[in-house]
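Novice: sharing a model prediction with you, sequence too.
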Amino acid sequence: MTGAARLADVVVIGAGQAGLAAGYHLRRAGVDFVILDAQQAPGGAWQHAWPSLRLFSPAQYSSLPGRMMPIPADGGYPDAAHVTTYLTDYEQRYRLPVVRPAAVRAVRDVGERLAVDSGAGTWHARVVVSATGTWWRPYVPHYPGIGDFRGEQLHAAGYRGPEPFRGRRVLIVGGGNSAAQILAELSQVARTTWATLRPPRLLPDEIDGRALFDLATRRHQAALAGQNTGSVGDLGDIVAVPSVREARDRGALKAEPMFSRITPDGVAWADGSTEAYDTIVWCTGFRPALAHLAPLRLRGPGGVIPTDGTRALAEPRLHLLGYGDWTGPASATLIGAGRTARQLTAEIIAQLQAQHDL
Ligand code: FAD
């Protein structure tokens, strides 16, 4: 990397939905900013998701600020390619200043500004927004014997479709939407077992992401007011998209409690019995991609960076957007990212004004 550092009032890291939503509001507010993205093409994580993945809410409820997501041709829940096309169009329509590929290696404190070192050079910013998502850090829990398994292990992030599993014995682990959707299609071609930590919660047909977003928001507001809203649904609960409904009606959604250990050929269940599998598919979630922030030494216990809203408590020039409820209610969803980005921009403008006034 050569050349002098460039200046920007705000550097956004990541051009997935969260980074683009931030870009939309920053542009409207006339802020001087740039978005750095590690990918070769627009679309964030969606361009890497398995083709049959379906959103858990309809297009009208999966939109970023300013532009509605078009309704898919079949009228149903959008798939991953539909979201990628939408984000590509969004980025172009609002002429968002995305530099790619520009993988950020480090964010450093260099006095008055934060330095952002990327594959496309270094920027010095007054404020940095980290919006790098979670897709890049698939999580697999540790189970005794996991290293001895002779079969194939795969995280949902690496799943592309059911064909390679035809006729095989497949164990699917995890109780959320990814597991249910992957199970729904694998159970048509393979001999599947579904293992979950808790009994999976399948939502009634009429409840999808729409209701869950409202619930997440109400719950957040109630938590701020010190109240308890009770629980009738959660963003982790399983939405009965058509493939899941069909699998449920076929009786393929029966879940087993977790196994006690992994054996070289499969797993051992709590009652001591064993079963052989060719493949284990881990649908066990993701962790925030925060390695580039390591030089700032902000991680608290449990690896999370303590925040007030989106702002890092120990480094107020850093905001975190889109990683989960700890960075704004439902901020890790399409609709929630937009809402949080609006608030974030108002805060950043106040911060920039305060810095200019000093
Ligand atoms: P990403 O889409 O991951 O974008 C982050 C961008 O930052 C990427 O382009 C990445 O390359 C880039 N980046 C990462 N690290 C760096 C770095 N160091 N330097 C520069 N760039 C970097 N949400 C919904 O609203 N509805 C759903 O139905 C839904 N279904 C989901 C299903 C699955 C299986 C998953 C995993 C998530 C789902 N989500 C859903 C949640 C959420 O919408 C997605 O995870 C979404 O991709 C998050 O967007 P993001 O912008 O935060 O992150």
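Specialist: Received the coordinates, thanks.
Novice: from here on, just use CA atoms for contacts and neighbour counts.
Specialist: Fine.
Novice: tell me the buried residues in stretch 274-292?
Specialist: 274, 276-290, 292 (16 or more other Cα atoms under 10 Å).
Novice: distance between that stretch and the chain's centre?
Specialist: Its chain's C-alpha centre and that of stretch 274-292 lie 15 Å apart, by Cα atoms, centre = their mean, to the nearest Å.
Novice: now do the end-to-end distance for that stretch.
Specialist: 42 Å (Cα to Cα, to the nearest Å).
Novice: can I get stretch 244-256 in CSV, CA atoms only?
Specialist: Coordinates of each C-alpha in stretch 244-256 appear next as CSV, following Å, rounded to 0.1, in the frame of the first residue of the first chain:
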residue,chain,number,x,y,z
VAL,A,244,-41.2,-25.1,5.6
ARG,A,245,-45.0,-25.4,5.6
GLU,A,246,-44.8,-28.2,3.1
ALA,A,247,-42.2,-30.0,5.1
ARG,A,248,-44.2,-29.6,8.3
ASP,A,249,-47.3,-31.0,6.6
ARG,A,250,-45.2,-33.9,5.3
GLY,A,251,-44.1,-34.6,8.9
ALA,A,252,-40.4,-33.9,8.2
LEU,A,253,-39.9,-31.2,10.9
LYS,A,254,-39.6,-33.5,13.9
ALA,A,255,-36.7,-32.4,16.1
GLU,A,256,-34.6,-34.4,18.5
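Novice: report the buried residues of that stretch.
Specialist: 244-245, 247-248, 252-253, 255-256.
Novice: of these, which pair is most distant in space?
Specialist: Arg245 and Glu256 (18.9 Å; Cα to Cα).
Novice: check contacts around Asn320.
Specialist: One thing to correct before we go on: residue 320 is Leu, not Asn. Residues near Leu320 by Cα atoms under 8 Å, 6 or more residues apart in numbering: 129-131, 310-312, 327.
Novice: which one of the residues you listed is nearest the ligand?
Specialist: Proximity of the contacts of Leu320 to the ligand (Cα to the nearest ligand atom) peaks at Ala131, which lies at 5.7 Å.
Novice: and the closest one, how many neighbours?
Specialist: Applying other Cα atoms under 10 Å, we find 29 residues neighbouring Ala131.
Novice: that one contacts Leu318, doesn't it?
Specialist: No. Between Ala131 and Leu318 no contact is recorded; they are 10.8 Å apart, counting by Cα atoms under 8 Å.
Novice: look at whichever residue of the stretch 201-350 of the chain sits closest to the ligand and say how many residues are nearby.
Specialist: Across the stretch 201-350 of the chain, the shortest distance to the ligand (Cα to the nearest ligand atom) belongs to Thr333, at 3.3 Å. Thr333 is flanked by 22 other residues according to other Cα under 10 Å.
Novice: name the nearest residue to it, sequence neighbours excluded.
Specialist: Gly322 (7.4 Å; Cα to Cα, 6 or more residues apart in numbering).
Novice: filter the buried residues of stretch 274-292 by proximity to the ligand?
Specialist: By Cα under 6 Å from any ligand atom, the members of the buried residues of stretch 274-292 lying near the ligand are His292.
Novice: among the buried residues of stretch 274-292, name the ones in helices.
Specialist: Among these, no member falls in helices (DSSP state H).
Novice: packing partners of the longest helix along the chain?
Specialist: Determined from DSSP H, the single longest helix within the chain is helix 334-357. On a contact count with 3 or more Cα pairs under 8 Å, 6 or more residues apart in numbering; DSSP states H and E, helix 334-357 meets helix 17-28, strand 121-130.
Novice: what is the subsequent helix or strand relative to the helix or strand of the chain with the lowest mean pLDDT?
Specialist: Here the helix or strand of the chain ranked lowest by mean pLDDT, DSSP states H and E is helix 209-224, holding a mean of 69. The helix or strand immediately downstream of helix 209-224 is helix 242-250, counting by DSSP states H and E.
Novice: quick check: residues of this protein near the ligand?
Specialist: 13-19, 36-39, 44-46, 55-57, 62, 102-105, 131-135, 178, 292, 322-323, 332-335.
Novice: in the stretch 151-300 of the chain, which residue sits nearest the ligand?
Specialist: For the stretch 151-300 of the chain, the residue closest to the ligand is Ser178, as judged by Cα to the nearest ligand atom, at 5.1 Å.
Novice: tell me the contacts of that residue?
Specialist: 53, 156, 283.
Novice: how many residues are close by the second one?
Specialist: So the one you mean is Ala156. Count around Ala156 with other Cα under 10 Å applied: 24.
Novice: hmm, it is touching Val281, no?
Specialist: Yes. Using Cα under 8 Å, Ala156 is in contact with Val281, at 6.5 Å.
Novice: need phi/psi at the residue nearest to Thr333.
Specialist: Note on Gly322: its backbone torsions stand at phi 100, psi 10 [degrees, to the nearest 10].
Novice: how close does it get to Gly338?
Specialist: In terms of Cα to Cα, Gly322 sits 9 Å off from Gly338.
Novice: joint contacts of these two?
Specialist: 18, 331.
Novice: who's more crowded, these two?
Specialist: Gly322 (31 against 28).
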